[in-house]
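Trainee: Next come a sequence and a model predicted from it.
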Amino acid sequence: MVRFLRPLLRGTTYTRLLHLWVPMLMESLWLFIDPGRPWVPALVLVPFGLLPAVRRGEGVQARLLLTPDVPESGISEAPAAGWRDRLRTVAWLELRWVLSWVTCFATVWSLVTAVELARCAWGHAPSGMPLLDRLSPAPAWALLSPLPLLALYGAFVGLGALVTACARRLLGPSAAERLAALEERTERLLERNRIARELHDSIGHALTVAVVQAGAARAAGDPEFTDRALGAIEETGRAALADLERVLGVLREAERPASARPTLADADRLLESARASGATVDADVSGPVAAVPGPVSREGYRILQESLTNVLRHAGAVPVRVRVAVTDDRLLLRVRNALPEPIPGPGRGSGLRGIRERAALLGGTAHTGPERDEWLVRVELPLGRGPSGVF
């Protein structure tokens, strides 16, 4: 019983009823003008529904009244983008007009029937309503008088559910809108993955440098070396905090430009950080690095950062050879370091996987793995448009 009456406690039941009644209010105005032709408004709805903005207005109204508490209601608020959307809008307006007539009839018939049955129960003769004008006054009719009200309640709930389902069908997003929503969702997922990689590369690099510096300072026992190590840790920590603030700024401000991210023009900071950790870094930079397109330069910086981080984390303060070469159509990144002990396989860490993902996103290639007695990271990135169309 409680479940049966639960719709009476929902505000959605009454907002849907209001949505069903709105067309009949307009119809009532027309009946004052020409009561002999009540079908004229239905004809007027046809050219009216072909206007692109009408679909937006109907969608907004349907979402507010039919699905007020549903974030993903399946009802579009965009204007009609083509003739298919316009015809669907016309069908929706005509269907809404018909359902409004049904609602009006069910309301009037149910209330009048309930009143007539109550009159008969009190000993009054029917007032001439069709189908009830032959009833004889009797107290037994009091038992049947609630039935029309129950039928009215069922009609309200059922018609509300029906008009909501029809709105999702006729005012739902078109194929183009669904594709745009899918693309937007894909972009959001890619952005989340990019931010996760940003945090992994930046914070991971800073922590690795700090751990290596602290361990080297404790092992050396030299006050001068300890001072240099603490200075390197401080500088790396400040850079990591700046990167963290920038990433958090991206999360807070969706329109913040990507140009604020570091590029290969800032690679000296990475190289000096690795040198301060005790590693001997032999760097060879050739070509117009400053002319590298922004997306390639930013991703190249992160790839170089992750490569140096892996060297310090897994090999320690070993000699490292870094080559950055820019040609007419390609960026070449190569990082070699000595291996303290043989490592089988190409490596399966999340950092190495991130390097390969970054390269693939830009239409490039990445190789990571042992080569003779060295570990090699070799990445080639095209300077033109990648297959994913990111720049």
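Mentor: Great, that's in hand.

Trainee: give me the low-pLDDT residue ranges for the stretch 251-391 of the chain?
Mentor: Residue ranges of the stretch 251-391 of the chain with pLDDT under 70: 251-260, 341-350, 384-391.

Trainee: can you pull out the strands in it?
Mentor: Assigned strands in the stretch 251-391 of the chain, in chain order: 281-286, 320-326, 330-338, 365-371, 374-382 (criterion: DSSP state E, counting those that start in this stretch).

Trainee: Show me what the fourth one is packed up against.
Mentor: Based on contacts counted as 3 or more CB pairs under 8 Å, 6 or more residues apart in numbering; DSSP states H and E, the elements that strand 365-371 packs against are helix 350-361, strand 374-382. Just so you know, the C-beta spots here come from the backbone N, C-alpha and C atoms, and that holds for glycine as well.

Trainee: For that strand, buried residues please.
Mentor: Neighbour-count burial for strand 365-371 flags 366, 368 (criterion: 16 or more other CB atoms under 10 Å).

Trainee: Strand partners (parallel or antiparallel) of that strand?
Mentor: In the sheet, strand 365-371 lines up against strand 374-382 (antiparallel) (DSSP bridges).

Trainee: How far does stretch 327-341 sit from its chain's centre?
Mentor: Computed by CA atoms, centre = their mean, to the nearest Å, the separation of stretch 327-341 from the middle of its chain amounts to 37 Å.

Trainee: ugh, typo on my part, it should be stretch 31-43
Mentor: For stretch 31-43, the distance to the chain centre is 46 Å (CA atoms, centre = their mean).

Trainee: got it, and stretch 65-78?
Mentor: Mean-position distance between stretch 65-78 and its chain equals 16 Å (CA atoms, centre = their mean).

Trainee: Touching that stretch from outside, list them.
Mentor: The contact list for stretch 65-78, computed with CB atoms under 8 Å, 6 or more residues apart in numbering, reads 11-12, 15-16, 18-19, 55-56, 59-60, 62-63, 160, 163-164, 167-168, 171-174, 177.

Trainee: Would you mind listing which of those are buried?
Mentor: 12, 15-16, 19, 55-56, 59, 62-63, 160, 163-164, 167-168, 171, 173-174.

Trainee: Name the nearest residue to residue 340, sequence neighbours excluded.
Mentor: residue 315 (5.8 Å; CB to CB, 6 or more residues apart in numbering).

Trainee: State the distance from the one you found to residue 333.
Mentor: Residue 315 sits 18 Å away from residue 333 when distances are taken as CB to CB, to the nearest Å.

Trainee: Go through the strands of the stretch 251-391 of the chain and name the closest to residue 50.
Mentor: Closest to residue 50 of these is strand 374-382 (CB to CB; 47.7 Å).

Trainee: tell me the angle the closest one makes with strand 320-326.
Mentor: Strand 374-382 and strand 320-326 are oriented at 10 degrees to each other (axes from the mean of the first three to the mean of the last three CA atoms, to 10 degrees).

Trainee: Alpha carbons of strand 374-382, as PDB, please.
Mentor: Only the C-alpha atoms of strand 374-382 are listed here, as PDB (Å, rounded to 0.1, in the frame of the first residue of the first chain):
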ATOM      1  CA  GLU A 374      73.500   0.000 -21.300                       C
ATOM      2  CA  TRP A 375      69.900   1.000 -20.900                       C
ATOM      3  CA  LEU A 376      68.500   2.900 -23.900                       C
ATOM      4  CA  VAL A 377      65.500   5.200 -24.300                       C
ATOM      5  CA  ARG A 378      65.100   6.200 -27.900                       C
ATOM      6  CA  VAL A 379      62.100   8.300 -28.900                       C
ATOM      7  CA  GLU A 380      61.200   9.800 -32.300                       C
ATOM      8  CA  LEU A 381      58.400  12.300 -32.600                       C
ATOM      9  CA  PRO A 382      57.200  13.900 -35.800                       C
END
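
Trainee: And the strand or helix carrying residue 157, what does it pack against?
Mentor: For residue 157, the host element (DSSP states H and E) is helix 146-170. The contact analysis (3+ CB pairs under 8 Å, 6+ apart) places helix 146-170 against helix 11-33, helix 83-121.

Trainee: Swap in 10 Å and give it another go.
Mentor: Packing partners of helix 146-170 (3 or more CB pairs under 10 Å, 6 or more residues apart in numbering; DSSP states H and E): helix 2-5, helix 11-33, helix 52-65, helix 83-121.

Trainee: Mean pLDDT and distance to residue 266 added to these, as TSV?
Mentor: Shown next, in TSV, are the helices and strands packed on helix 146-170 (pLDDT from 0 to 100; distance: least, CB to CB, whole Å):
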stretch	mean pLDDT	distance to residue 266
helix 2-5	70	64
helix 11-33	86	55
helix 52-65	91	46
helix 83-121	88	49
